[in-house]
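Q: Generate coordinates for the sequence data below:
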Amino acid sequence: MNGPLDGGLFRQLFTATKAQGSPRVVFLSTSVAGFPDSAIGQLHKDKEDVIRASGLPGKFVRSGAFMTNSYQWLDAIKAEGAVYNSTGES
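A: Presented below is the predicted three-dimensional model:
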């Protein structure tokens with residue numbers, strides 16, 4: 001498999017990055033990284049592990065949501081004046 005899901009390509013990226021000197025890495029991960037029942041979480045956790053194993057100084061930003069995700073609510077807001085989300089009544 002090629003593309004962002006290919007762990008081999010990701011490892012190659014960090015091998016090449018490390019060869020360039022001592023860069024710092026900030027990786028945009030997810031708040032569900034490491035949850036074994038979350039495929040996207042495990043994908044991000046695997047990439048975090050690659051960064052840790054590279055020896056490069058790394059920080060992980062485990063976001064929970066982005067405001068741009070709220071665009072998915074537009075139809076419900078227009079039609080029903082409501083936002084349906086997984087946070088219940090909050």
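
Q: what's in contact with stretch 60-80?
A: For stretch 60-80, the surrounding residues in contact (Cβ atoms under 8 Å, 6 or more residues apart in numbering) are 26-31, 33, 48, 51, 82-85. C-beta here means a position set from N, CA and C on the backbone, and glycine is covered the same way.

Q: For it, buried residues please.
A: Using 16 or more other Cβ atoms under 10 Å as the test for burial, stretch 60-80 gives 60, 62.

Q: Show me how far it is from its chain's centre.
A: 16 Å (Cα atoms, centre = their mean, to the nearest Å).

Q: and the end-to-end length of it?
A: 38 Å (Cα to Cα, to the nearest Å).

Q: Equivalent analysis for stretch 66-75, please.
A: 18 Å.

Q: Using CSV, list the CA coordinates for the helix ranked longest in the chain.
A: Counting residues, the longest helix found in the chain (DSSP state H) is helix 39-54. Only the C-alpha atoms of helix 39-54 are listed here, as CSV (Å, rounded to 0.1, in the frame of the first residue of the first chain):
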residue,chain,number,x,y,z
ALA,A,39,-8.4,1.9,13.6
ILE,A,40,-7.6,5.6,13.2
GLY,A,41,-6.3,5.8,16.7
GLN,A,42,-4.0,2.8,16.2
LEU,A,43,-2.8,4.2,12.9
HIS,A,44,-1.7,7.4,14.7
LYS,A,45,-0.2,5.5,17.6
ASP,A,46,1.9,3.5,15.2
LYS,A,47,3.2,6.7,13.6
GLU,A,48,3.9,8.2,17.1
ASP,A,49,5.9,5.0,17.8
VAL,A,50,8.0,5.4,14.7
ILE,A,51,8.8,9.0,15.7
ARG,A,52,9.8,7.9,19.2
ALA,A,53,12.0,5.1,17.8
SER,A,54,13.7,7.5,15.5
